[in-house]
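>>> no FASTA, just this:
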């Protein structure tokens, strides 16, 4: 039976008790409205730790004025049921007044990594993410924290924050999960109309074609980025935010594709902003692409 905890004191006590009994604590931070991608994080935590905590908190600090804070999809009852099915020990579902009893004057900020890509379009977003994640890690204590690789920039930022602040936390990135047609799972997919949902598949189609080009020998980062932009721009109803080739750890620009590389895109379909990425490992002529899991176009997975 999954316990639902709503106070910081009770969650801290539960995690301390688990560690005192020799159990390893696993943390899965989410904003709720759980889908198969979130479930895969819970399963990863269940497989490698002994006491699994899933947090469900729509964090107001990471939403700018005019963004979708009020309409962000919520389903706490369904989320708790999903957590029980995946074997989570605790759901932490604190109200905003518990997490922020006073308007917070403290912000945790990671420089440089947050300045571009999603940070360019949402300049206050990552400070909100790192602040709430730092708070959750402080509450939970020493643990292994599981994040999805769909939010590649967020994962890089959290890893850098944990390293810089010497937090007793092991950050694990888990595979991106896709629909059968390749669309990356996201709670915001619920906003898409039927036509927008069909058009959104261009994001993964473009990433996959770019990855194939690199596998075929293309190493010029500007050429691959232009391939991405051209492919996405050809689809009606899709407005490109960015389509970039970056170093996977530092999010810096590249001239030549080599090492750990991120092909990253963001686009708007109406009022909905979606992100996607493919990570490449390029060592000379050998290219390994992390396309994610779950999709089956052309019989490939």
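That came in fine, so what should we check first? Predicted model, so just to flag it, every value in this text is computed and none were measured.

>>> Low-confidence ranges, the protein, go.
296-301 (pLDDT under 70).

>>> pull the longest helix from it.
If you go by DSSP state H, the chain has its longest helix at helix 125-140.

>>> Would you mark the buried spots in that helix?
125-137, 139-140 (16 or more other Cβ atoms under 10 Å). For glycine as for every other residue, the C-beta is placed from the backbone atoms N, C-alpha and C.

>>> And stretch 163-171, by the same measure?
By 16+ other Cβ under 10 Å, the buried positions in stretch 163-171 come out as 167, 169, 171.

>>> sorry, back to before: what's the first helix or strand after the longest helix of the chain?
strand 143-148 (DSSP states H and E).

>>> helices or strands up against whatever helix or strand comes next after that next one?
Counting by DSSP H and E, the next helix or strand C-terminal to strand 143-148 is helix 152-164. On a contact count with 3 or more Cβ pairs under 8 Å, 6 or more residues apart in numbering; DSSP states H and E, helix 152-164 meets helix 118-121, helix 125-140, strand 143-148, strand 169-174, strand 259-269.

>>> related to what we said a few turns ago, make a markdown table out of the buried residues of stretch 163-171 and add distance to residue 291.
Converted to a markdown table, the buried residues of stretch 163-171 look like this (distance: Cβ to Cβ, whole Å):
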| residue | distance to residue 291 |
| --- | --- |
| 167 | 31 |
| 169 | 28 |
| 171 | 22 |
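
>>> Closest to residue 224 out of those residues?
Proximity of these to residue 224, judged by Cβ to Cβ, is greatest for residue 171, which lies at 27.9 Å.

>>> Roughly how far does the closest one sit from residue 163?
Distance of residue 171 to residue 163, given as Cβ to Cβ, to the nearest Å: 9 Å.

>>> same deal with residue 6?
31 Å.

>>> cool, residue 15 as well?
22 Å.

>>> And for residue 207?
28 Å.

>>> I'd like the helices and strands packed on helix 152-164 as a markdown table, with distance to residue 275 appended.
Listed next are the helices and strands packed on helix 152-164 as a markdown table, based on distance: least, Cβ to Cβ, whole Å:
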| stretch | distance to residue 275 |
| --- | --- |
| helix 118-121 | 7 |
| helix 125-140 | 11 |
| strand 143-148 | 11 |
| strand 169-174 | 15 |
| strand 259-269 | 5 |
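
>>> Nearest approach to residue 188 belongs to which of these?
Using Cβ to Cβ, the nearest of those to residue 188 is strand 259-269, at 9.9 Å.

>>> packing partners for the closest one?
helix 152-164, helix 202-215, helix 221-233, strand 239-247, strand 272-283.

>>> and the closest residue to residue 262 other than its chain neighbours, what does it touch?
Leaving aside its chain neighbours, residue 262 sits nearest to residue 248 (4.3 Å; criterion: Cβ to Cβ, 6 or more residues apart in numbering). For residue 248, the contacting residues are 152, 156, 259, 260, 261, 262, 279, by Cβ atoms under 8 Å, 6 or more residues apart in numbering.

>>> Out of those, flag the one nearest to residue 114.
Ranked by distance to residue 114 (Cβ to Cβ), the contacts of residue 248 are led by residue 156 at 9.4 Å.

>>> Quick check, the closest one in contact with residue 252.
No: in this structure, residue 156 is not within contact of residue 252 by Cβ atoms under 8 Å, at 10.7 Å.

>>> picking that back up, quick one: list the elements packing against the longest helix of the chain.
So helix 125-140, by 3+ Cβ pairs under 8 Å, 6+ apart, packs with helix 8-20, strand 25-30, helix 118-121, strand 143-148, helix 152-164.
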